[in-house]
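> please work out how this folds:
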Amino acid sequence: MARTDNDSWEITESVGATALGVAAARAAETESDNPLVRDPFARVFLNAVGDGVWNWFAAPKLPDEIIAAEPQLSAQMQSMLGYMASRTVFFDTFFIEAAKAGVRQHIILAAGLDSRAWRLPWPDTATVYELDQPKVLEFKTSTLAEHGAEPTCHRVGVAVDLRQDWPTALRQAGFDPAQPSAWSVEGLLPYLPAAAQDLLFNRIDELSVAGSRVAVEAHGPGWMDPDVRARRRERMERLRNLMADVDPQREIPRTDELWYFEEREDVADWLRRHGWDVKATPSQELMAGYGRGIPDGIEDTTPRTVFVYGAR
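Residues are numbered from 1 along each chain as shown. Below you'll find the predicted structure:
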């Protein structure tokens, strides 16, 4: 599904389907023998929509013909699950530590099917603002309500497209820019044009007083490398063709068709220029720190990202 200006989507379409794909990764991790993260709601979302391209990680094991043709694929998929689990723990820890430090306003930008407002141990003082498109938030809240799930915090849904005037919507929902806040930018930047990324961080900066914090999954070295992108596309097309022959009902997602490959400023550098104290951790280092490093001899196909923490 091609991207257009001001496009919107159902939960099973376009960017919405990628939120289901991430939920599938969290479900697979939760149901593994030694989970790094436990998300009891991820499977609930998948059951609500049924089978689809988003179930790539949560589906049964790969056909033998695929494993024979691509012997590294199972290990690569496991590494991708390790990436998603490490990413989840990074942002979980970010919010837990911010709350312990006394930050009361927590803003999840492009919340998708993230369930932190339902599963993290928030203090009574915490307010969590979830920003995303209306259809995405409605699916999440209605699905969890049908299963009797209640937020563990004061949760406020803010139905707004992040390419629009979301600061006004956030203020109208009760956000106080005079108080410290904690912001997360997870799984978002590839889906924004470079100009929209600049605007996003300008707005976060303007709304953040001393004591505020931000955590970002940002583009790292090699993200824009045309050779890396070409190899990824060739590999995915080869897999799609194999799967079409072996199991036509099982589809492999093409998430990069939804991304904007545009040159943009390094996020850590941008934050430093604007007065934030910054720590940047490459994804491979983050994964290794959680015991999810890439096995020796396996081609690394995990995203070339950097996890950035900023404090004002």
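
> not counting stretch 171-182 itself, show me its contacts.
For stretch 171-182, the surrounding residues in contact (Cβ atoms under 8 Å, 6 or more residues apart in numbering) are 94-95, 98-99, 102-107, 127, 129, 156, 158, 206-215. Backbone N, C-alpha and C define where each C-beta goes, glycine included.

> now the residue nearest the centre of the chain, what's its secondary structure?
Residue closest to the average C-alpha location in the chain (Cα atoms, centre = their mean): Gly187, at 3.1 Å. Classification of Gly187 by DSSP: H, G, I helix; E, B strand; the rest coil places it in coil.

> gap between it and Arg272?
23 Å (Cβ to Cβ, to the nearest Å).

> for the longest helix anywhere in the chain, name the packing helices and strands.
Ordering each helix of the chain by length in residues (DSSP state H) puts helix 73-100 first. Applying 3 or more Cβ pairs under 8 Å, 6 or more residues apart in numbering; DSSP states H and E, one finds that helix 73-100 contacts helix 14-30, helix 64-69, strand 105-109, helix 116-119, strand 181-185, strand 213-219, helix 283-289, strand 305-311.

> okay, these in a markdown table with distance to Thr143 and mean neighbour count next?
Output for those, formatted as a markdown table (distance: least, Cβ to Cβ, whole Å; neighbours: other Cβ atoms under 10 Å):
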| stretch | distance to Thr143 | mean neighbour count |
| --- | --- | --- |
| helix 14-30 | 11 | 23 |
| helix 64-69 | 31 | 13 |
| strand 105-109 | 17 | 24 |
| helix 116-119 | 11 | 22 |
| strand 181-185 | 21 | 25 |
| strand 213-219 | 25 | 24 |
| helix 283-289 | 30 | 18 |
| strand 305-311 | 29 | 22 |
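
> and Phe41, which of the ones you listed is closest to it?
helix 116-119 (6.1 Å; Cβ to Cβ).

> who touches that closest one?
Here helix 116-119 makes contact (Cβ under 8 Å, 6+ apart) with 38-41, 91-92, 95, 108, 128, 130, 144, 149-153, 155.

> neighbours of the nearest residue to Tyr290 once chain neighbours are set aside, just the number please.
Ranked by Cβ to Cβ, 6 or more residues apart in numbering and with sequence neighbours excluded, the top spatial neighbour of Tyr290 is Ser86, at 4.7 Å. Look at Ser86: counted by other Cβ atoms under 10 Å, it has 26 neighbours.
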